[in-house]
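**Student:** Predicted model follows, preceded by the sequence.
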Amino acid sequence: MNFKLKINLYKGIVGALIECISTLDASADEPTFIAALVTNLPKKLEAILRNLYPKNNFRVGGCFIHQKPLAEFCDRKLSKKNPEIGDLLIVYKRIQGKMETYNSLLLQAKKIKVGAGSIYNYKISKEDKHQLLLYTQWPQFIYRRAGLKLNGRKRSIIPKTVTPGAQYLLINQDCILPFYCAMPSDILVAHNNFAVQLINFIEFQTGRPFVKNVPRDSWSQMIWDLLDISFHSVFNKSKFGYHNVPRGTDSIADFLNLTLNHDINYNSEGTGIPVLVLQSIENEDGNNIK
């Protein structure tokens with residue numbers, strides 16, 4: 001990216017992020033912050049990207065789901081607690097001519113109470129060690145609370161160590177921009193604010209690439225698992241006339257060439273992971289595709 005344009009992109013994202021959460025107070029919990037991001041940020045971020053990089057035809061979408069899938073460790077001696085696989089999944093599909101490349105970033109949100117703790121020295125509590133274990137060692141696990149298609153399926157993510165594909169999202173309302181990312185560790189140390197992280201993510205400087213084709217590596221398979229159940233998730237409010245209504249729109253799923261089948265028997269109601277999806281399309285020479 002051109003440096004001056006990148007500076008403008010950074011300023012634009014910072015402003016959009018602050019605006020997204022402007023109505024939240026100190027009582028807001030992690031799911032509330034994530035909901036604000038995936039519901040309020042997409043249109044703002046898409047407008048910023050399209051304005052600054054018109055040749056890339058950016059599209060941005062979001063999908064919020066509260067009940068997230070769990071990972072039950074096959075070796076119960078490691079931990080009897082089942083961690084959530086993540087609080088937010090960000091994916092990016094970049095199309096350059098006939099070539100498609102994909103990037104992913106799985107985030108576990110951790111809110112730091114106002115006036116307590118630091119984004120540069122946040123110690124993981126004993127109660128949250130099972131989540132840290134998942135992101136640092138990736139023990140073999142079985143999906144739980146993941147819908148009929150995935151419940152009981154076994155996964156073993158390789159390598160079994162820390163990677164930039166799974167990080168923590170620190171939320172500290174003491175900061176003007178309260179979102180920071182940190183690599184998994186006993187003591188979390190913020191390394192980028194979320195605006196910088198998004199820019200690096202689009203440039204494939206952070207996150208973990210994944211592939212579309214089958215057979216897939218273990219990481220790619222997990223990412224498609226999560227996308228699949230999230231975009232098949234539905235909600236029902238019969239009193240108000242909502243029956244098996246998709247939480248993710250068809251237009252968002254189209255970014256990733258997912259075919260939606262909103263059958264309540266396909267996936268448990270409301271199961272999945274909040275998703276932020278980005279896509280860019282450009283010719284090999286960088287010209288617009290109409």
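**Tutor:** Perfect, thanks for sending it.
**Student:** got the contact list for stretch 25-32?
**Tutor:** Residues outside stretch 25-32 that contact it (C-beta atoms under 8 Å, 6 or more residues apart in numbering): 21, 24, 66, 87, 109-111, 114, 171, 173. (C-beta placed from N, C-alpha, C; glycine too.)
**Student:** can you tell me which of the residues you listed lies nearest to residue 6?
**Tutor:** The nearest member of the contacts of stretch 25-32 to residue 6, counting by C-beta to C-beta, is residue 21 at 23.2 Å.
**Student:** phi, psi of that closest one?
**Tutor:** With angles defined as degrees, to the nearest 10, residue 21 sits at phi -110, psi 20.
**Student:** Show the model's pLDDT score for it.
**Tutor:** As predicted, residue 21 sits at a pLDDT of 93.
**Student:** Torsion angles phi and psi at the nearest residue in space to it that is not next to it in sequence?
**Tutor:** Nearest non-adjacent residue to residue 21, counting by C-beta to C-beta, 6 or more residues apart in numbering: residue 36, 5.0 Å away. The phi/psi pair for residue 36 (degrees, to the nearest 10) reads phi -60, psi -40.
**Student:** can you check the one 5 residues further on too?
**Tutor:** When read as degrees, to the nearest 10, the backbone of residue 41 gives phi -80, psi -40.
**Student:** Likewise for the one 5 residues further on?
**Tutor:** Dihedral angles of residue 46 (phi, psi; degrees, to the nearest 10) stand at phi -60, psi -40.
**Student:** residues touching it, list them.
**Tutor:** Neighbouring residues of residue 46 by C-beta under 8 Å, 6+ apart: 58-60.
**Student:** would you list those residues in CSV and tack on secondary structure and pLDDT?
**Tutor:** Output for the contacts of residue 46, formatted as CSV (DSSP: H, G, I helix; E, B strand; the rest coil; pLDDT from 0 to 100):
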residue, secondary structure, pLDDT
58, coil, 95
59, strand, 94
60, strand, 95
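**Student:** returning to that earlier point: count of residues packed around the residue nearest to residue 21?
**Tutor:** Using other C-beta atoms under 10 Å, residue 36 has 19 other residues around it.
**Student:** now swap in residue 28 and tell me
**Tutor:** Residue 28: 16 surrounding residues under other C-beta under 10 Å.
**Student:** For it, give its distance to residue 148.
**Tutor:** Counting by C-beta to C-beta, to the nearest Å, the separation of residue 28 from residue 148 is 32 Å.
**Student:** Just the buried positions in the strand or helix carrying residue 226, please.
**Tutor:** Assigned by DSSP states H and E, residue 226 falls within helix 218-231. Neighbour counts over helix 218-231 (16 or more other C-beta atoms under 10 Å) mark 219-231 as buried.
**Student:** So which of the residues you listed is the closest to residue 134?
**Tutor:** Using C-beta to C-beta, the buried residues of helix 218-231 come closest to residue 134 at residue 222, 11.2 Å.
**Student:** can you give me the helices in the stretch 101-250 of the chain?
**Tutor:** For the stretch 101-250 of the chain, the helices defined by DSSP state H, counting those that start in this stretch cover 129-137, 194-202, 218-231, 250-255.
**Student:** Sheet partners, orientation included, of the longest strand seen in the chain?
**Tutor:** In the chain, with assignment by DSSP state E, the single longest strand is strand 99-112. Strand 99-112 pairs in its sheet with strand 88-96 (antiparallel), strand 166-172 (parallel), strand 208-210 (antiparallel), by DSSP bridges.
**Student:** Can you give me the buried ones in that strand?
**Tutor:** 102-112.
**Student:** Could you do stretch 2-22 as well?
**Tutor:** Here stretch 2-22 shows 9, 12-14, 16-17, 20-21 as buried, counting by 16+ other C-beta under 10 Å.
**Student:** Which residues does that stretch contact?
**Tutor:** With contacts defined as C-beta under 8 Å, 6+ apart, stretch 2-22 is touched by 1, 28, 33, 36-37, 40-41, 44-45, 48-49, 52-53, 176-179, 193-196, 198-199.
**Student:** If any of those are buried, put those into a PyMOL selection.
**Tutor:** To isolate the buried ones among these in PyMOL, judged by 16+ other C-beta under 10 Å, type:
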select buried, resi 28+33+36+37+40+41+44+45+48+49+52+53+177+178+179+193+194+195+196+198+199
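**Student:** The nearest residue in space to residue 206 that is not next to it in sequence and residue 191: what is the separation?
**Tutor:** Distances taken as C-beta to C-beta, 6+ apart place residue 200 nearest to residue 206, at 4.4 Å, with adjacent residues excluded. To residue 191, residue 200 is 10 Å away according to C-beta to C-beta.
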